[in-house]
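Undergrad: sharing a model that was predicted from the sequence below.
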Amino acid sequence: MCDNHFYSGTSLLSRFLPFLRIFCLISLPLCVAEHANLPRNMIENSMFEEEPDVVDLAKDSTAFPTFPALDPDEVAYEPRSSRLLVRGLGENDMDEDEEDCESSARLLGMSFMNRSSAHRSSSSPYARQAPPRSCSRPSARTMVVCVLFLVIVASMTMVLYFLPGCTFTKAGCRKPNKTTPIQPVYPNSTNGELFPWAELRLPYSIHPISYDLTLNPDLDDTTFTGQTVINMTVLHNTNRIVLHGANLNITKATFKLDDGEAKEVTVLEYKPRQQLAVKFSEDLKAGQYCVLTLDYSANLSHTYDGFYNSSYTDKDGNKRVLAATQFEPLYARKAFPCFDEPSFKATFLIKINRKQGYMTLSNMPKAKSTPLPNGLVQDEFEKTSVKMSTYLVAFIVSNFTPISRNISNTLVSVYSVPEKKEHTDYALDTASKLLEFYNSFFEIEYPLKKLDLVAIPDFLAGAMENWGLITFRETTLLVGKESSQLEKQVVASVIAHELAHQWFGNLVTMRWWNDLWLNEGFATYMQYMSLQTVLPQLDTGNLFLSVRFRAMDKDALNSSHAVSTEVNTSEQVEEMFDSVSYEKGASILLMLNTSLPGDQQFRKGIIEYLKQFSGANTDTNDLWNSLTEVEVSTHHQNVSEMMNSWTSQKGFPLVTVSRNGDEVNFTQEHFLLTSENATHSSSLWNIPVTYVNDSCSLAPECRQVFNLKTKSGTLKIPESVKWLKLNYRNTGFYIVHYGNEGWTALIDALSKNVSVLTHEDRASLVHNIFALSRFGRVSFQQVLNLLNYIPGETESAPVTEALLQLNRIYRLLDKRQESGLVARMKSYILSHFGSLMKSQTWGEEKSVSKQELRSALLGMACSLKEENCTQQAKLLFKQYVDSNGTSRIPGDLQHVVFSVAAQSDEGWTTLLNMHAHATYDAEKRKMLQALASTEDTRRLVWVLKTSLKGDIIQTQELPLVISTVCNGFAGYLFAWDFIQENWDRLIEKFPVGSFAIQTIIKSATSQFSTQAHLNQVCFFFF
């Protein structure tokens, strides 16, 4: 699934003022101490992950020298404490202005999700505790009695515990361990009868072979009925069938064993785990074949998951209704009873009854349409030619129109509402080229007869890789004929991501959600790699570089997790959709690819992996084994040995360089940002340290490799070498500290010749030095020393990285009302970047890199209210309005221009009217962001309320609206009040634990840096 992590943001905690250090060290533990069951990192890693690390500028007055100083079934799945929820790209739509609030952020934790009493168990460890009551000091006699009592109880417990062969269950110690395992405690089902299963994951005794689904949706009443026929095989003797179902009213159930007669059975339901069960008086025997038929009714979902209803307004102002699906990760069970886990693959035959005037789509081509006596039409689709996991099943009932093309024996189609058909050409061209590329690259033909890409008007995620029926938000699929290259880059990236899933995720699927990165990491990596070959003009290299920076920012937090980690609750399943699974997964694949000997070992290894496990489920070791077994050189490298350190532990290393003559010493440590800014980790990584030096620094042939497997290592170099630059082109997932002498040498080299390093290496230095400042290893003066070379920079990557980091500091200072420092920061930015800002043009620009550069520079200039910038933006907007839209604003400048216009009463009103009539979704979204950026608080409140209501502004855009409002000084407190007042409504609109809810929470809380705000957050959520 695509959560558009390639625009994901960064997390940051400032060392800017002494107060913030006190806040981290004192106030956070106090808050946590009041709620002992709440993991501390739920607070420390979310409330500050928005802002970058800086030092105390008030103390470090020289930082600004030009300014004044200032069974098999009974397997036990041991639960673990819930990590912070993080949802992440590919599939949730984002843009550069949502970076901190989109890709996947760290939240204040699942306790936020349990805010509503209607959704929170009274026994929740995160339930708000009553204040402690005062009590008198106990007497000495009472103390003695209590101590004696505790000693007696402890002694008896120890004696009983150490009795040989004793296993404790609810019934006590009955028999030796060798004969009696611990008995599970079964919960009660909805009818009061014991439910025959006590685990989150389903038993493996029964496996589905095929599903026959018949669905009858009523779009007017927003209900549907269905019949699911599940053909199954018995793998182990068992007296139960356990599967999933959520919010389904089972009206009839029959069961048939082998060639016997079908008999009615009772279906039990356990709602907390969304499980259904049928119990039998006698065991089903291994090897038997059985059929379970379930008739049911349900409501179409009013959130954005399961089988949900949606609508849009056509060009004539008429409301059009439709129904679509979103099943990943745990929502197929809301549409039909099923074994809703990735490893329970089966085939599907789907029939949908619809009214005349509608059309239906599903994973496979339509086989036939049959008129029914009740006036409806039944569309029957071909049985899937491949086995699929349930989360990949999809169907749509709508009135969309397609354009199509045959590519390599596959019919590729792009569907949209009729009014937007003219915006589908680019998607069709791009999908066609990428399909041909992937067929060739993987040496495995796409296995289905058709591939549909469907733009859904009301779709929360960015996209979803349903096999043969990929669904998209309109902004991630539809492109106008005059769209900018940056807008096309967004669409092409999402399409490339979803098509890569047809192999990684669909053909070969992770066994369980703990290895989600095998799906999402690969799809993210392939989207960038494929586009660099298929559409090089989109210049996705800078985009991937920025993605790697943002992934490191998040993985440095204590709330991060290993790439492959335990997942034992439904909340933890949701947590896996984050930047670790997506961007870090892609980053370590890039590092692996560049470190393997030979140009083709990586490709040959993944081809072997796909062919060996085609149609099956895998785990991480299966991938490493495939890559290790494929040798294309005499140098044999155990991939598993190298990569386990990157997937089995959270975080990444900091490599520190020190030099003594011809010896260079490398040491590694965990780059872990904690509130104390101290590391307590003994983690080690197998690091392929790449480096170049002053004699050869640009060409790939200059790159040398040193494998650092231990805490430290030594490298010999000629004494004539003036400097080393590690992590060539930032292909490794680590940060480098060069020490004072090393940084001085690199800064001196850049000041003399900007082109002495590649632009990726220059951007890497900028990112690393800000990270090290945040980590406390370099002063902010050193940061500024490096940035002194920036006026001579011509490439977008280093400039945009520097602006991003400085802008976050500026926003933090502004919200803290540090007016003196705000003024100095503004002056610093305008003086150091002013020449670059003034050199930017406002006309059409074809180069993606130049569009990225000017968008960042002019966006910063106008946000700082630089007069030339704001006047030019106002002029462009006036020309656009006066020409009735015929005078076009370049796509990469629309956000800047609209945001400036929205600051005036007339401009805001004009934008609101334009937004209501806009048909091109990317442009409409930029208008909405501008409307939400106003400093008029009454209008901000109106935008927030209207987005929640969903009539004028779609509710799917509420996370974007809140994140935009929170970015501004005028709105961030209003947004926080809005969230508190409307919490129950928010979790009704968006699934608990969803990426949208995460974005909403993080957008508000990441703006806070005071004790008062911390207290408010603690009080509200805990």
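TA: Looks like it came in fine.
Undergrad: which element, helix or strand, includes Asn309?
TA: According to DSSP states H and E, Asn309 maps onto strand 306-313.
Undergrad: C-terminal to that strand, what's the next element?
TA: strand 319-326.
Undergrad: how far does that next one sit from the chain's center?
TA: Distance, stretch centre to chain centre, for strand 319-326: 25 Å (CA atoms, centre = their mean, to the nearest Å).
Undergrad: kindly report the same for stretch 444-462.
TA: For stretch 444-462 - counting by CA atoms, centre = their mean - the centre lies 19 Å from the chain centre.
Undergrad: again, but for stretch 826-835
TA: Worked out by CA atoms, centre = their mean, stretch 826-835 lies 34 Å from the chain centre.
Undergrad: only the buried residues of it, if you could.
TA: Using 16 or more other CB atoms under 10 Å as the test for burial, stretch 826-835 gives 826, 828-829, 832-834. (Each C-beta comes from the backbone N, C-alpha and C, glycine too.)
Undergrad: residues making contact with it?
TA: Here stretch 826-835 makes contact (CB atoms under 8 Å, 6 or more residues apart in numbering) with 64, 66-67, 784, 787-788, 790-791, 799, 803, 806, 810, 837, 857, 860-861, 864, 866.
Undergrad: tell me which of these fall in helices.
TA: Among the contacts of stretch 826-835, the ones falling in helices (DSSP state H) are 784, 787, 799, 803, 806, 810, 837, 857, 860-861.
Undergrad: from those, pick the one nearest Ser343.
TA: Using CB to CB, Leu803 comes nearest to Ser343 of the ones in helices among the contacts of stretch 826-835, at 45.7 Å.
Undergrad: show me what contacts the closest one?
TA: So Leu803 contacts 829, 833, 856-857, 860 (CB under 8 Å, 6+ apart).
Undergrad: would CSV of these with pLDDT and distance to Ile250 be doable?
TA: Formatted as CSV, the contacts of Leu803 follow (pLDDT from 0 to 100; distance: CB to CB, whole Å):
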residue, pLDDT, distance to Ile250
Ile829, 97, 62
Phe833, 96, 64
Ala856, 97, 55
Leu857, 97, 60
Met860, 97, 58
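Undergrad: now flag whichever of those is closest to Gly541.
TA: Gly541 lies nearest to Ala856 out of the contacts of Leu803, by CB to CB, at 16.3 Å.
Undergrad: helix or strand: which one has Ser404?
TA: Take DSSP H and E as the rule and Ser404 turns out to sit in strand 401-407.
Undergrad: most surrounded residue in the ones in helices among the contacts of stretch 826-835?
TA: Highest neighbour count within the ones in helices among the contacts of stretch 826-835: Ala861, with 27 neighbours (other CB atoms under 10 Å).
Undergrad: so that one touches Gln872, yeah?
TA: No: Ala861 is not in contact with Gln872 according to CB atoms under 8 Å; the separation is 9.6 Å.
Undergrad: what residues does the strand holding Ser404 touch?
TA: For strand 401-407, the surrounding residues in contact (CB under 8 Å, 6+ apart) are 411-418, 421, 424-425, 428, 432, 435-436, 452.
Undergrad: all strands for the stretch 501-650 of the chain, in order.
TA: Residue ranges of the strands in the stretch 501-650 of the chain, as given by DSSP state E, counting those that start in this stretch, are 509-510, 617-618.
Undergrad: looking at these, which is buried most?
TA: strand 509-510 (a mean of 26; mean count of other CB atoms under 10 Å).
Undergrad: average pLDDT across it?
TA: Averaged over strand 509-510, pLDDT sits at 98.
Undergrad: which residues does it contact?
TA: 342-343, 345, 389, 516-519, 616-619.
Undergrad: can you list those in CSV and add pLDDT and distance to Lys355?
TA: Output for these, formatted as CSV (pLDDT from 0 to 100; distance: CB to CB, whole Å):
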residue, pLDDT, distance to Lys355
Pro342, 98, 34
Ser343, 98, 37
Lys345, 98, 33
Ser389, 98, 31
Leu516, 97, 38
Trp517, 98, 42
Leu518, 97, 41
Asn519, 97, 36
Ala616, 97, 40
Asn617, 98, 39
Thr618, 98, 42
Asp619, 96, 45
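Undergrad: what subset of those is buried?
TA: 342-343, 345, 389, 516-519, 617-618.
Undergrad: reformat the residues you listed as JSON lines; add distance to Arg729.
TA: JSON lines is the format used below for the buried ones among the contacts of strand 509-510 (distance: CB to CB, whole Å):
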{"residue": "Pro342", "distance to Arg729": "35"}
{"residue": "Ser343", "distance to Arg729": "38"}
{"residue": "Lys345", "distance to Arg729": "39"}
{"residue": "Ser389", "distance to Arg729": "37"}
{"residue": "Leu516", "distance to Arg729": "28"}
{"residue": "Trp517", "distance to Arg729": "23"}
{"residue": "Leu518", "distance to Arg729": "25"}
{"residue": "Asn519", "distance to Arg729": "26"}
{"residue": "Asn617", "distance to Arg729": "35"}
{"residue": "Thr618", "distance to Arg729": "30"}
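Undergrad: now intersect these with the helices, please.
TA: 517-519.
Undergrad: average pLDDT for stretch 376-383?
TA: 98.
Undergrad: list of residues touching that stretch?
TA: 210, 216, 347-356, 360, 362-372, 449.
Undergrad: can you give me the buried ones in the strand holding Asn309?
TA: Across strand 306-313, burial judged by 16+ other CB under 10 Å covers 306-310, 312.
Undergrad: quick check: mean pLDDT of it?
TA: 93.
Undergrad: keeping just the C-alphas, turn it into CSV.
TA: Provided in CSV are the C-alpha atoms of strand 306-313 (Å, rounded to 0.1, in the frame of the first residue of the first chain):
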residue,chain,number,x,y,z
GLY,A,306,-13.7,-2.4,4.3
PHE,A,307,-16.5,-2.1,1.7
TYR,A,308,-17.4,1.6,2.0
ASN,A,309,-19.7,4.0,0.4
SER,A,310,-18.5,7.2,-1.3
SER,A,311,-19.9,10.0,-3.4
TYR,A,312,-18.9,12.9,-5.6
THR,A,313,-20.6,15.8,-7.4
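Undergrad: against which helices or strands is that strand packed?
TA: Identification of packing neighbours for strand 306-313 by 3 or more CB pairs under 8 Å, 6 or more residues apart in numbering; DSSP states H and E yields strand 319-326.
Undergrad: tell me which other helices or strands the strand it packs on touches.
TA: strand 306-313, strand 395-398, strand 450-456, strand 469-473.
Undergrad: now do 10 Å
TA: If you count contacts as 3 or more CB pairs under 10 Å, 6 or more residues apart in numbering; DSSP states H and E, strand 319-326 packs onto strand 206-218, strand 306-313, strand 359-362, strand 395-398, strand 450-456, strand 463-464, strand 469-473.
Undergrad: quick one: it to strand 206-218, angle?
TA: Taking axes from the mean of the first three to the mean of the last three CA atoms, to 10 degrees, strand 319-326 and strand 206-218 form an angle of 180 degrees between their directions.
Undergrad: just the buried residues of strand 319-326, please?
TA: Buried residues in strand 319-326, counted by 16+ other CB under 10 Å: 321-326.
Undergrad: repeat that for stretch 189-198.
TA: Quick answer for stretch 189-198 (16+ other CB under 10 Å): 189, 195-198.
Undergrad: and Gln872, how many neighbours does it have?
TA: Gln872: 20 surrounding residues under other CB under 10 Å.
Undergrad: quick one, phi/psi of Thr540?
TA: Main-chain dihedrals, Thr540, degrees, to the nearest 10: phi -80, psi 0.
Undergrad: tally up the residues packed near it, please.
TA: 23.
Undergrad: ditto for Lys387
TA: Neighbour tally, Lys387, other CB under 10 Å: 16.
Undergrad: use 54 as the first number for this chain going forward.
TA: Sure thing, new numbering starts at 54, so read that last one as Lys440.
Undergrad: would you map the helices across the stretch 704-853 of the chain?
TA: 792-805, 812-828, 833-840, 849-868 (DSSP state H, counting those that start in this stretch).
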